[in-house]
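Asker: structure, please.
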Amino acid sequence: MGEFFSVACAACWAMAVILFKRSGESLPAFELNLFKNVLATALMVPTVLVFHGLALPGYSGGQWLIVLASGVIGIAVADTWYLRALNLMGASRTGVIGMLYSPFVIVLSILFLAEAMKMVQYLGFVLVLLGILLVTWSRHRQEISRRALGQGLAFAAGSVGLMAIGIVMVKPILETEPFMWTVGLRLAAGAAGMLVFVWLSRGWQRMMLHYRSPQPWVTVVTASLLGSYVSMILWLAGYKYTDASIAAVLNETAAAFIVIFAWLFLGESLTLRKLSGVALAFAGVAIIVVM
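Answerer: Sure thing, here's the model as predicted:
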């Protein structure tokens, strides 16, 4: 089931991206991320009550610290750095650097979780990365200064590394403690971290101007539900029921799903290069899951 949840998460996130594009992305990235994280946190309250009742999770003091730190590291800080990288060097370069996520998770899982992959599964891992590279790589990029490129690479790589750290550090807790509590607390910690960042940067007025301006709220809310609430549950469920290294690779198929959904729902072109990338990515998924 872990492999199913991981691929379902990728497909759900891809559909959310399509909805974000249809909404015109009228909200800046930080405000949109904060909105969907706060919304998902609010929805996790009744979800936790349904699944676990009023009883608090039996975390030890150390586990409470790990869960909350995982949310701050993997959502608040990592998201902020990722957005900074987008501003510095654009989406194409940042997206390519984002493929470091799987290698980071695999290395950390081997070092700290004693996980291992079969040699043939490493072949699947390479095929997935090659497929994602074909899908996301573009020859046409806006030139930027060497300083901006260097800073962007540092922020992007640091962001992906923190995301990997955040999920690997919480995986043992996902396997033994109440699942929905862990999901909700990570989201709450991440949203709180972002709110603290806004307070420290004194950006309340600028942020509220965006929220008060006309927005396609139905589309934004639907995308937020898929992109944060549903995707987060599926994402962590994948890590709960399969090895972190395998879940991380399967999550990378989101880029392939985005290409297919953009063709189906947005009328975007489906080039031979994109088709080849999608085929490679799913071939890699098949090898990882079957073997």
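Asker: next structured bit after the helix or strand containing residue 110?
Answerer: In the assignment (DSSP states H and E), residue 110 maps to helix 101-112. Moving toward the C-terminus from helix 101-112, the first helix or strand encountered (DSSP H and E) is helix 119-136.
Asker: do me a favour and average the pLDDT over whichever helix or strand residue 50 is part of.
Answerer: Under the criterion of DSSP H and E, residue 50 resides in helix 29-52. What helix 29-52 shows for mean pLDDT is 89.
Asker: pull it out as PDB, backbone CA atoms only.
Answerer: Extracted in PDB, the C-alpha atoms of helix 29-52 (Å, rounded to 0.1, in the frame of the first residue of the first chain):
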ATOM      1  CA  ALA A  29       3.700  31.700  -3.800                       C
ATOM      2  CA  PHE A  30       4.400  32.400  -0.200                       C
ATOM      3  CA  GLU A  31       0.800  33.600   0.500                       C
ATOM      4  CA  LEU A  32      -0.600  30.600  -1.300                       C
ATOM      5  CA  ASN A  33       1.600  28.200   0.600                       C
ATOM      6  CA  LEU A  34       0.600  29.800   3.900                       C
ATOM      7  CA  PHE A  35      -3.100  29.700   3.000                       C
ATOM      8  CA  LYS A  36      -3.100  26.100   2.100                       C
ATOM      9  CA  ASN A  37      -1.100  25.100   5.100                       C
ATOM     10  CA  VAL A  38      -3.400  27.000   7.500                       C
ATOM     11  CA  LEU A  39      -6.500  25.500   5.700                       C
ATOM     12  CA  ALA A  40      -5.000  22.000   5.900                       C
ATOM     13  CA  THR A  41      -4.200  22.400   9.600                       C
ATOM     14  CA  ALA A  42      -7.800  23.500  10.300                       C
ATOM     15  CA  LEU A  43      -9.100  20.500   8.500                       C
ATOM     16  CA  MET A  44      -6.900  18.200  10.500                       C
ATOM     17  CA  VAL A  45      -8.600  19.100  13.700                       C
ATOM     18  CA  PRO A  46     -11.900  17.200  12.900                       C
ATOM     19  CA  THR A  47      -9.900  14.500  11.100                       C
ATOM     20  CA  VAL A  48      -7.900  13.800  14.200                       C
ATOM     21  CA  LEU A  49     -11.100  13.700  16.300                       C
ATOM     22  CA  VAL A  50     -12.700  11.200  13.900                       C
ATOM     23  CA  PHE A  51      -9.700   8.900  13.800                       C
ATOM     24  CA  HIS A  52      -8.300   9.200  17.300                       C
END
